[in-house]
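**Student:** A structural model of the following input is requested.
(2 chains)
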Amino acid sequence: MIRFEQVVKQYAGGTTAVDNLSFEAPTGQITVLVGPSGCGKTTSLRMINRMIEPTSGHILIDDEDVQTFNAAKLRRGIGYVIQHAGLFPNKRVVDNVATVPQLLGTPKAKARERAREVLELVGLPGDFADRWPSQLSGGQQQRVGVARALAADPPVMLMDEPFSAVDPVVREQLQDEFLRLQRDLGKTIVFVTHDIDEALKLGDQIAVMRVGGKLAQLADPAYLLAHPIDDFVAEFVGRDRGYRALTFAETPPLPLATEATVPLGTTPEQARAATDDEWLLVVDKDRPVGWIQPHVIAAPIESAMLHRGGTVARASGPLRSALDAALSSPSRRGVIAADDGTLLGTVRAHQVLQAIEATERPEVDKADIAPQQTSEHVDLSLDK
Amino acid sequence: MLTSVWRWLTDGGHWQGETGITHRLLEHLQYSGESLLIAALIALPIGALIGHTGKGKWIIAVANAFRAIPSLGLLFVVAMWFVSRLTGDSAYLVPTIIVLVILAIPPLLAGAYSGVSEVDPAARDAAYGMGMSGRQVLANVEVPCALPLIFSGVRSAALQIIATATIAAAISVGGLGRYLIDGLANSDYAQMAGGAILVTALALLVDGVLAVIQQLTVPGGLRTTSVSRRKQRAAAAAVESAHAA
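**Tutor:** All right, here's what the predicted structure looks like:
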């Protein structure tokens, strides 16, 4: 666990980068610091490994003040990933990754062996290890950056906009892999980003910061979307937040209708006999693959003829997928599948909406209605 | 004219003995090598440290101002000061080396300084962030990354030294400059031209040798992409032109 206790960072000119910041980043979870530029999120991160020293206050890792450690030794025990990867151009990938184990005294051969293992973990197997950083794409360099931070297996990782310099497709891929990795590794991670979507996707807990280095709200993603504490947070969290909050709501048991299906290769006559409806669902080994209009087709059904607009939602997935399946389906019937991809049935949008209305929204924290603010704010507390 | 120069260069007699070309070449190389070594030992650590700490940049400016001093004038001043204090050969050799060292320091200093200070800030940040000490950052990241610019400084300094070492002959020291000074005194133009050709050839040869050493020592990652090569060339050109100015 990382704990900030009234941490302040003021610069010589009098600007306050971080103002009285207190929060906890729980062990084994991802805490995201998010906010517009100039909100002090990177400064806060860099105070954890003492790349920047606080003006006052304390930062504790597992109840030990970071100030009590030698700065270089402290940093060797903390993974550090930065925006442009910051790979050493003079060292091959494997030696970049072996850096911290070697600093900790692991013999070179062993450190390299470990480096190759970690590179495989981040999806860079085999000969990638022997390349120079300049021979890698931006996304690959970022992977090496993550591998380098993981090499000595530190319990704590600090990540400063690690995925923001790569294109959106690669970014999404890196985020997914990062989450998969974290499920196995369970590191205590503090992650900085300016991208609220990234924060909502990755964070177990999100600290929204405002310009001037103040903490605006600390909450899990579902709560943040449901109950932004003020206009600033509401605007920062953005539009569609009601819909986006469904990402974090589990799908309850839905009233599924049995759907008539035909396999690939069905003749037009068979297809027309299978249903009276305008649309017919086509399956391949019990897995829904697409919709077809039986009265339009003139040849046995093949994959290229299918309407692909409808999405398929997992019954165990979030409500957002279930609603999207209903909304995107050409037949207006949303396809719901089991975890192994086999068809369970279909559901209509109004049924999903009913389920949504029946779900409980995150309960409002009393402290959020009556925030305990500093003296400059009016105290609106009701229960006095 | 050309044939007489050719005859002078190819005459076996001119290559032998105390005043022969072989001996003069070795003398020239010796003064140049010693000067380059001393200058490098002074300038490279200082330049790297200034780049590492960002402090003392005025030293670079002062060193650059030294480039404006005419070498020959400086040589005479230093030689006059030493001639009453030292005896024998060293009375002339020491002033020569001092002048050549002063000449070589600015490009070496500029190369080491700009090489270290231009290291990718993200790489430096990562190095500190992973727990390297200042010294480890300098030794493991900054200096290796600075090698291309350090080398262009060394090559530039070597060319300057070899060309300028000829003036040592003006204060009766050996080296290839003898052929220029003596040729001028005796109106032996074949000898003068031959000496000039030898100096040029030596400079090119040394530069070639240094280029090979550079290829062997600069980490591969710093010379794989055409972009970084272009950057290095541009930076090297900047060092050269700063020197010329």
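
**Student:** did I read that right, residue A:217 in a strand?
**Tutor:** Yes: secondary structure of residue A:217 (DSSP: H, G, I helix; E, B strand; the rest coil): part of a strand.

**Student:** do you know how far it is from chain B?
**Tutor:** Here residue A:217 is placed at a distance of 28 Å from chain B (CB to the nearest CB, to the nearest Å). From N, CA and C alone the C-beta is placed, and that goes for glycine too.

**Student:** ok, now which ones touch that residue?
**Tutor:** By CB atoms under 8 Å, 6 or more residues apart in numbering or on different chains, the residues touching residue A:217 are A:206, A:207, A:208, A:224, A:228, A:229, A:230, A:233, A:368.

**Student:** Regarding the first one, what is its secondary structure?
**Tutor:** Taking three-state DSSP as the rule, one finds residue A:206 in the strand state.

**Student:** Quick check: it vs chain B, distance?
**Tutor:** From residue A:206 across to chain B, the span is 23 Å (CB to the nearest CB).

**Student:** again with the fifth one
**Tutor:** According to CB to the nearest CB, residue A:228 stands 33 Å off from chain B.

**Student:** Number of residues surrounding that residue?
**Tutor:** Neighbourhood size, residue A:228 [other CB atoms under 10 Å in any protein chain shown]: 21.

**Student:** what's the longest helix in chain B?
**Tutor:** Secondary structure of chain B read by DSSP state H shows that its longest helix is helix B:21-53.

**Student:** Quick check: what element follows it along the chain?
**Tutor:** Next helix or strand after helix B:21-53 toward the C-terminus (DSSP states H and E): helix B:57-66.

**Student:** coming back round to it: which one of the contacts of residue A:217 sits in the busiest neighbourhood?
**Tutor:** residue A:224 (29 neighbours).

**Student:** show me what contacts the closest residue to residue A:237 other than its chain neighbours?
**Tutor:** Once flanking residues are discounted, residue A:237 sits nearest to residue A:228: 5.2 Å by CB to CB, 6 or more residues apart in numbering or on different chains. For residue A:228, the contacting residues are A:217, A:234, A:236, A:237, A:241, by CB under 8 Å, 6+ apart.

**Student:** Point out where chain B drops to low pLDDT.
**Tutor:** Applying pLDDT under 70 to chain B flags the ranges B:224-245.

**Student:** cool, the stretch 1-150 of chain A as well?
**Tutor:** Within the stretch 1-150 of chain A, not a single segment meets pLDDT under 70.

**Student:** Please parse chain A into its domains.
**Tutor:** Taking automatic domain parsing as the criterion, chain A consists of the domains A:2-248, A:261-358.

**Student:** looking at the sheet around the residue of the stretch 151-300 of chain A found nearest chain B, what are its partners?
**Tutor:** The nearest approach of the stretch 151-300 of chain A to chain B comes at residue A:158, 7.9 Å away (CB to the nearest CB). Beta bridges link residue A:158 to residue A:80, residue A:190, judged by DSSP bridges.

**Student:** For it, give me the pLDDT.
**Tutor:** Residue A:158 is assigned a predicted lDDT (pLDDT) of 97.

**Student:** Out of the contacts of residue A:228, name the ones that lie in helices.
**Tutor:** Those of those lying in helices (DSSP H): A:234, A:236, A:237, A:241.

**Student:** Name the nearest of the residues you listed relative to residue A:184.
**Tutor:** Distances from residue A:184 to these, taken as CB to CB, are shortest for residue A:237 (29.6 Å).

**Student:** I appreciate the help and will end here.
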